[in-house]
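Visitor: Next comes the sequence, and after it the predicted model I'd like to discuss.
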Amino acid sequence: MFVYLNKKIAIPNGVFLHCCEWNAIEGWVACGGDGGLLKILQFENKAQGREKGVAGTSNLIMNQTLTGHKSAVLCAAWNDECKKLTTSDEKGLIIVWTLHKGSWYEEMVNDRQKSVVRDIKWCVDGTKICICYADGAVIVGYEDGNRLWGKDLQKELIFCEWSPDARLLVFVTPQGEVHVYDANGNYIAPVTLFAGDATARVSGIHWYDEVEGKVDPSAPSLAIAFDNGRVQLMTSETDEKPILIDTGLQPTIDDPKGPPRLQVKWNYQGSILAIAGAAANSGGDQNVSQVQFYDPFGRHLRTLKMPGPGITGLGWEGSGSLRLAISVESFIYFANIRPDYLWGYFSSTLVYAFTIADRVEHCVVFFDTQTGNRTVKFVKTLIRIQAFGDFCVLATRTDEVGVYILILCNSIGAPVDTKYINIEPHYIHMTETHVVCADDNTICVWQYSSRVSKLTSIDSSKDGVALKKKDGKEIVWHVDESPNTSTGGFDKLGRKPNTEDPISCICANRSMLLVGRESGTVQRYSLPHIQLEQKYILRCCPQMLAVNCDSTKMSIIDINGVLSFFDFEAGRGKGISEDLHAPGEHLATERRDAWDMLWAEDNPDLITTMEKSRMYILRGMQPEEAVLSSGYLCRFSNLTITAILLDEIMIQSPKLPDTSFLEHVIEFETKSLRDSRDILTKVGITDGSQYIDDNAHPRLWSLLAEFALERLDLQTAEKAFVKLGDYQGIQLVKRLSHLSDKAKQRAEVSVYFKRFDEAEKLYKDMDRLDLAIDMRATLGDWHKVMTLAGQGGGSDVLLKTAYVNVGDYYFDRQMWNKAYGYFEMADAIEKQIECLYNMEDYNSMAKLATDPEKQLPEGSSTLLVIGERLASVGLADEAVTAFLRANDVKAAIDCCVLLNKWDQAILLAEEHDFPQIEGLLTKYATHLLGTGKRMEAIELYRKANRHPEAAKLLAEIAQEVVKSKANPHRARQLYILAALEVEKFREKTLRVQQPGGTTMVGGTMAGKTTMGRATMGGVRNTQATLATLDGLMQGDAISAENKILDQAWRGVEALELYLEAHEHLYSGRVNIAMRYAQSLAKYDDILDAEDIFSLIALTSFHNNMYAVCSNAFMRLEQLESLPKERREHFQELAFKIFTRYTPKDISVSKTAEQESVTSETLKAIRKKYIQLCQVGQ
């Protein structure tokens, strides 16, 4: 960052100031001083006419003196949310001020008259205020003036502070103690202090409110300053490992009655901590006022020296924290801050990062400055951004201590390569092949992996081949050592002591690496073969280095913002000393207050520099006239400077860009380019050509060529193109010289300058519509071609071509309906198919295969495309029709197989003699059975009309279910399905095909009709008999092979009777249940005999038919399939029953006899299920 004083406001009558505060939202500055002085100042903002892109140039629009205090105003605090100001004086008078119709008035007054107010603080949301008095009294109230609570802490107080969440209050005593209370005034604990000195006292405190997020999740937010110059940075009030920094500053005695203070203030982003005090002057005893700036981790950023004996107030500007108000004696100074944003520019893409309050990650935006497109990424613990060429690198901190990641990204934020490193990248630079990063002691060079690096960084030498093998590897070395052939990665670095001369900056290009150190030494290494070449001694401590395009000069900005130059070529040939101190000269040219610089990419003598709020272009160290700007330099090429107004972007809300952000990308032209354009426009082409010849540059010759072409000065244009080496331009001039018509020449020039509408108008004026159409067709502007061709300027073939290309335009943008309309007008059938397919209009696609108007002949390849599209969405019938019309029977069969239409596939195979279908069907069925998918195999057989195989599998599954005794209902259903498959097979084998017509035998129709029909009837009877016999023989053969098929209906009968018996038993109809159970005895090949006779025994027992029950137990005891223990169990049970009941049946009534199961009952069962299945189908 860079800071400089920009404005100074004197208080009338030399009144001494005691406080200075800046409102974060509206921009009001309040300052209080002796004699009750209280002033409110306001500067114009962007909406009020502030100049865009220029920092710190706003004018004063409000200067109001508030009357109410009679003694010195010591404290002031803004309520940013409620637009109120609270002030207090040395007599203890407190006034709350509010804005009304553009002026400030008293709203509330409070005078305790017992003690002086030491500090006033509003909480972050502006709802509560804390007022602490010197005698220990504390008052906490609401914004409307009502008191929340008041308490006497029984100790003197000098400071108070709210926590970011407004749940805690921190109070500081003159004895150097810091105590924490909750929001209700209850004591919690003291804060552990690490001042390093028992006599040290707290002289300042500030707690960042975290409204705009934190730069890092682990960044401190609580700063406590001591009167010995040390500052303690803590992440919370309980942080036991704070960061300690020694500023060397002494507190300022603002109020003789109060304690000495160090002014401590975080900016509104929590990224910079400003500490103001007095530092001892090395030349004498007089102290010098300073403001020192640190990052949240205690790293020193910059020191701003101030005039006057002491600083009494600090106030950050709220909008972007780009300015700092500093009160010194009777003056208010305004310092401009040039922050070090996280940003980079590469390949016309701006990448920048910022924090959001509700997220711990950085929001990283990739913004294309040409198209306005953006890509947003969220990156955790982002540290640095650097960009070059086609890539940028994001440096992040990992969760593991001491490990960092370099992420290489392209212009849309997609990661290309990554590298883990073990040093914190304080400094980072990038070339087209390498990323160089360094901390205070160590340098790391990473040759990243990308297409560009592999093609450009390796030459044909042996060393180049060796380096190519290390692509993606890093080389690390300590700054005090020289890298050699044994230098490797972090694994070879080892532990090294900290250097006494730390690194302060780095810079690199294609051929060299420069490392600046705090002593003023610059070490030069070669790239890509890393060797220490030379050392240069500067007269300053460099903070920024840059090298011109031919590596002959180096520019330096030191810690004080002084820009100077070093000439590598000066003194060459004088010899080099043994310690590598090289020839070269640190030139005497210097420029002050510089904070950015950029060399031209195509001219070694051109450099642009930013000095305060002005941009200067130096040509041969001589400045051109300054341009007001505070933009950040991106690129300097073709005498044009591209800059980004990052300040404008960062103060907007939201910070995410849209097309309006393109106005923040600005371009500046050098003086030679502006003068050349002015001379050519105002004086003439001859003088302009002479001026450009004297100040030759490719951009100027290009300007001359454009100007000459506009005026059809072909000779001058040819000269300019020759100077440029532009072969296409020379050919253009040659082509123009062969055109006799001036209007046609102007049209060609308009085309060259991409003014196509102007060229079209010229062609139309010449009545050459054909040339306009050719131009639009060459440009690919087929909408215009279609329009022009419709006006009669083209043939039907050209019009159809235009329709096709316009259709392709909409097709590429997924606008299927529009594309289909144009393809239809162009008769592009295949493209229509693609549109219909994407629109999912499959009916229209199927009609294309059969519509005679589409003129799709038999065998057309387009029919194959339609078939493939229809098959891909499962429309088998339509796809088969298309394939058959295309004469591709195999594709039709494959489609049926793929979509599981096996019946149709077999039918097609039989009709067109494709025997391979049988093998495929068998192979697929075997695969399904081998993987245990029997139900899928059954479905396959059913669709292929293989009823015996389906019935066999169903019967096998049914038998397994019966044996498992788990679900007899399911077993019955499976047997029914198997039986129906058997019925279908029998129906198929017995079906006789009827002849399709009448066969005539001799004579005419009138005389032989009867004889012919009689003869035909005999033939039919013979054929029917033969077919019947053949079907019966085939059925018998299959039945003999698969005995299980004969059991299908028996299985249905057995399970039906079994379930009926149970139903009657549970319903109390035990007699009927017994009759059904007795009928199961002949189904012991299907049901388990134990289940059958157990059921007979149970039903007969309940029916008092003990003889039947006894017979059932006898059969159970004789079952050899039962284990011995089971049979003995039945014997014991029978013994218990028949010792009590005599094995004798009670007579059965006639009604019961009628309920017995007969063959008619079994036929009824079959008929019932056949009818049910027919109804279901």
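Guide: Ah, there it is.

Visitor: ok, the spatially most central residue of the chain to Glu361 distance?
Guide: Nearest to the mean C-alpha position of the chain, by C-alpha atoms, centre = their mean, lies Lys377 at 5.1 Å. For Lys377, the distance to Glu361 equals 9 Å [C-beta to C-beta, to the nearest Å]. Quick note: C-beta positions are derived from backbone N, CA and C, even for glycine.

Visitor: Write down the beta-bridge partners of the residue nearest to the centre of the chain, one by one.
Guide: Counting by DSSP bridges, Lys377 is bridged to Val364.

Visitor: now Tyr105
Guide: Thr98.

Visitor: Please work out how many residues are found near it.
Guide: 11 (other C-beta atoms under 10 Å).

Visitor: residue contacts, it?
Guide: Trp97, Thr98, Leu99 (C-beta atoms under 8 Å, 6 or more residues apart in numbering).

Visitor: which of the residues you listed tops the neighbour count?
Guide: Trp97 (22 neighbours).

Visitor: any weak-confidence spans in the stretch 751-900 of the chain?
Guide: 793-794, 852-855, 859 (pLDDT under 70).

Visitor: Need the pLDDT of Pro259.
Guide: We have a pLDDT of 78 for Pro259.

Visitor: Is it in contact with Pro174, as I believe?
Guide: Yes - assessed by C-beta atoms under 8 Å, Pro259 is found in contact with Pro174 at 5.6 Å.

Visitor: Leaving out chain neighbours, which residue sits closest to Trp802?
Guide: In this structure residue 802 is Ala, not Trp. Nearest non-adjacent residue to Ala802, counting by C-beta to C-beta, 6 or more residues apart in numbering: Met786, 4.1 Å away.

Visitor: Output the below-cut-off pLDDT ranges for the stretch 1001-1150 of the chain.
Guide: In the stretch 1001-1150 of the chain, residues with pLDDT under 70: 1001-1046, 1147-1150.

Visitor: Can you show me the strands along it?
Guide: Using DSSP state E, counting those that start in this stretch, no strands are found in the stretch 1001-1150 of the chain.

Visitor: With the stretch 751-900 of the chain instead?
Guide: Using DSSP E, counting those that start in this stretch, the stretch 751-900 of the chain contains no strands.

Visitor: coming back round to it: can you name the residues that contact the residue nearest to the centre of the chain?
Guide: Shown in contact with Lys377 (C-beta under 8 Å, 6+ apart): Cys363, Val364, Val365, Phe366, Gly413.

Visitor: Ile40 and Asn63: what is the separation?
Guide: For Ile40, the distance to Asn63 - C-beta to C-beta - is 8 Å.

Visitor: Same question for Lys1124.
Guide: Applying C-beta to C-beta to Lys1124 and Asn63 gives a distance of 117 Å.

Visitor: Neighbour count for these two, which is higher?
Guide: Asn63 (11 against 7).

Visitor: Is that one in contact with Phe43, as I believe?
Guide: No - look at Asn63 against Phe43 with C-beta under 8 Å: they stay out of range, at 10.4 Å.

Visitor: Work out for me the element the closest residue in space to Arg374 that isn't next to it in sequence sits within.
Guide: Nearest-residue entry for Arg374: Phe367, 4.9 Å, with adjacent residues in sequence omitted and distances by C-beta to C-beta, 6+ apart. Following DSSP states H and E, the helix or strand that holds Phe367 is strand 362-368.

Visitor: can you list contacts of that strand?
Guide: Outside strand 362-368, the residues that touch it by C-beta under 8 Å, 6+ apart are 342, 348-356, 373-380, 382, 385, 394, 409, 411-413, 655-657, 661.

Visitor: Measure how far that strand is from the centre of its chain, please.
Guide: Per C-alpha atoms, centre = their mean, to the nearest Å, the displacement of strand 362-368 from the mean C-alpha position of its chain is 11 Å.

Visitor: CA atoms only for it, dumped as PDB, please.
Guide: What follows is strand 362-368, C-alpha atoms only, in PDB (Å, rounded to 0.1, in the frame of the first residue of the first chain):
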ATOM      1  CA  HIS A 362     -13.000 -14.700  -0.300                       C
ATOM      2  CA  CYS A 363     -15.300 -14.000  -3.200                       C
ATOM      3  CA  VAL A 364     -13.100 -14.100  -6.400                       C
ATOM      4  CA  VAL A 365     -14.500 -12.600  -9.500                       C
ATOM      5  CA  PHE A 366     -13.200 -13.300 -13.100                       C
ATOM      6  CA  PHE A 367     -14.500 -10.400 -15.200                       C
ATOM      7  CA  ASP A 368     -14.000 -10.400 -19.000                       C
END
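
Visitor: what sits against the spatially closest residue to Ile641 that is not a sequence neighbour?
Guide: Counting by C-beta to C-beta, 6+ apart, Phe668 is the residue found nearest to Ile641 once chain neighbours are left out, at 4.4 Å. Remark: with contacts taken as C-beta under 8 Å, 6+ apart, Phe668 is in contact with Thr608, Met615, Ile617, Val627, Ser629, Thr640, Ile641, Ala643.

Visitor: repeat that with 7 Å
Guide: Met615, Val627, Ile641, Ala643 (C-beta atoms under 7 Å, 6 or more residues apart in numbering).

Visitor: go on, Glu611?
Guide: Contact analysis of Glu611 by C-beta under 7 Å, 6+ apart lists Arg591, Asp593, Ala594.

Visitor: With pLDDT added, can I get the residues you listed in JSON lines?
Guide: Below are those laid out as JSON lines (pLDDT from 0 to 100):
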{"residue": "Arg591", "pLDDT": "95"}
{"residue": "Asp593", "pLDDT": "93"}
{"residue": "Ala594", "pLDDT": "96"}
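
Visitor: Name the nearest of those residues relative to Leu870.
Guide: Ala594 (72.1 Å; C-beta to C-beta).

Visitor: shouldn't the closest one be in contact with Ile607?
Guide: No - if you go by C-beta atoms under 7 Å, Ala594 and Ile607 don't touch, sitting 10.6 Å apart.

Visitor: what's the closest non-adjacent residue to Asp111?
Guide: Closest to Asp111 by C-beta to C-beta, 6+ apart is Leu93, at 4.9 Å.

Visitor: follow-up on the earlier one: out of the contacts of Phe668, show me where the pLDDT dips lowest.
Guide: The lowest pLDDT within the contacts of Phe668 belongs to Val627, with 92.

Visitor: Now do that one: how many residues are near it, please.
Guide: Val627: 17 neighbours (other C-beta under 10 Å).

Visitor: That one pairs with what?
Guide: Counting by DSSP bridges, Val627 forms beta bridges with Met615.

Visitor: Please apply the same query to the one 10 residues further on.
Guide: Beta-bridge partners for Ser637, by DSSP bridges, are Thr640.

Visitor: got the contact list for Ser511?
Guide: Ser526, Leu527, Ser551.

Visitor: Settle this for me: the first one is touching Asn509, isn't it.
Guide: No - judged on C-beta under 7 Å, Ser526 makes no contact with Asn509 at a distance of 11.3 Å.

Visitor: Compare these two (neighbour count), which wins?
Guide: The neighbour count for Ser526 versus Asn509, taken as other C-beta under 10 Å, is higher for Asn509 (20 against 14).

Visitor: any idea how far the more buried one lies from Val547?
Guide: Counting by C-beta to C-beta, the separation of Asn509 from Val547 is 5 Å.

Visitor: Cys19: which of the contacts of Tyr105 is nearest?
Guide: Nearest to Cys19 among the contacts of Tyr105: Trp97, at 14.0 Å, using C-beta to C-beta.

Visitor: Can you classify the residue nearest to that closest one when sequence neighbours are not counted as helix, strand or coil?
Guide: The shortest distance from Trp97 to any non-neighbouring residue, by C-beta to C-beta, 6+ apart, is to Leu85 (4.3 Å). The three-state label for Leu85, taken from DSSP: H, G, I helix; E, B strand; the rest coil, comes out as strand.

Visitor: Give me the neighbour count for Leu85.
Guide: Leu85 has 23 nearby residues by other C-beta under 10 Å.
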